[in-house]
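# Sequence first, predicted coordinates after that:
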Amino acid sequence: MYTAGAVGILAFLVAQTFQEFAHWAWIPFAILATIIWLLVPYTALAITRFQQTPMAAVLGLICFIVFVLSEWVARNVHDIDPGWHFVTMSSFLLASIAFAVATWRDTERWHWLAPAAFALNALRLSGRIASTFGGVTWLEPLNDSAYYPFVLAVNGPLLAWFVLKARASRDAGL
């Protein structure tokens, strides 16, 4: 499960990197496909964390599913209300907070990678919401020039966490 999660996050990072440096017409479709593919690592995370933190695992997965569905709607429906992006960002914010809680009590020495990544994502999304809907203009780079660096800062540690969890599971014979 962790290996599939790592592959999903890696695919998302590759698509985001192409979006940052190449402006090809098919990139938005690739981004949407990899966002949908992120259901794999987030579902794996919810399943594996359910025994320790059932409420956080279920809430995180539900909010992430709402995020994926709202991203799909936002990318496929023309003339969508700008307020729809509030649903997208706030659902991902809530998923990040829930998954930060769900991963907080890991025991491996690198356990902090996932909760730190989710906490950073929650801060990033709070800033994007404040900028987009609250008029906090000094946070506007979170929607523009700082978007990609934050995607790397959040998903890089998550990728490492999934790879390390996959290795630990393999070594434990799970």
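All right, it came through fine. Everything numeric here is computed off the predicted structure, so don't read it as measured data. Numbers count the residues shown, from 1 in each chain.
# Confirm for me that Glu71 is in contact with Leu32.
Yes. Contact status for Glu71 versus Leu32: in contact at 6.7 Å, counting by Cβ atoms under 8 Å. Every C-beta, even on glycine, is put in place using the N, C-alpha and C of the backbone.
# Neighbour count: those two, which is higher?
Glu71 (21 against 17; other Cβ atoms under 10 Å).
# Which helix or strand lies directly C-terminal to the helix or strand containing Thr48?
Here Thr48, judged by DSSP states H and E, is contained in helix 39-49. Per DSSP H and E, the first helix or strand lying C-terminal to helix 39-49 is helix 54-76.
# What residues of that following helix count as buried?
56-57, 59-61, 63-68, 70-71, 74 (16 or more other Cβ atoms under 10 Å).
# pLDDT added to those, as JSON lines?
Shown next, in JSON lines, are the buried residues of helix 54-76 (pLDDT from 0 to 100):
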{"residue": "Ala56", "pLDDT": "98"}
{"residue": "Ala57", "pLDDT": "98"}
{"residue": "Leu59", "pLDDT": "98"}
{"residue": "Gly60", "pLDDT": "98"}
{"residue": "Leu61", "pLDDT": "98"}
{"residue": "Cys63", "pLDDT": "98"}
{"residue": "Phe64", "pLDDT": "98"}
{"residue": "Ile65", "pLDDT": "98"}
{"residue": "Val66", "pLDDT": "98"}
{"residue": "Phe67", "pLDDT": "97"}
{"residue": "Val68", "pLDDT": "97"}
{"residue": "Ser70", "pLDDT": "95"}
{"residue": "Glu71", "pLDDT": "92"}
{"residue": "Ala74", "pLDDT": "88"}
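# any idea which of those residues is the one closest to Trp26?
Glu71 (16.8 Å; Cβ to Cβ).
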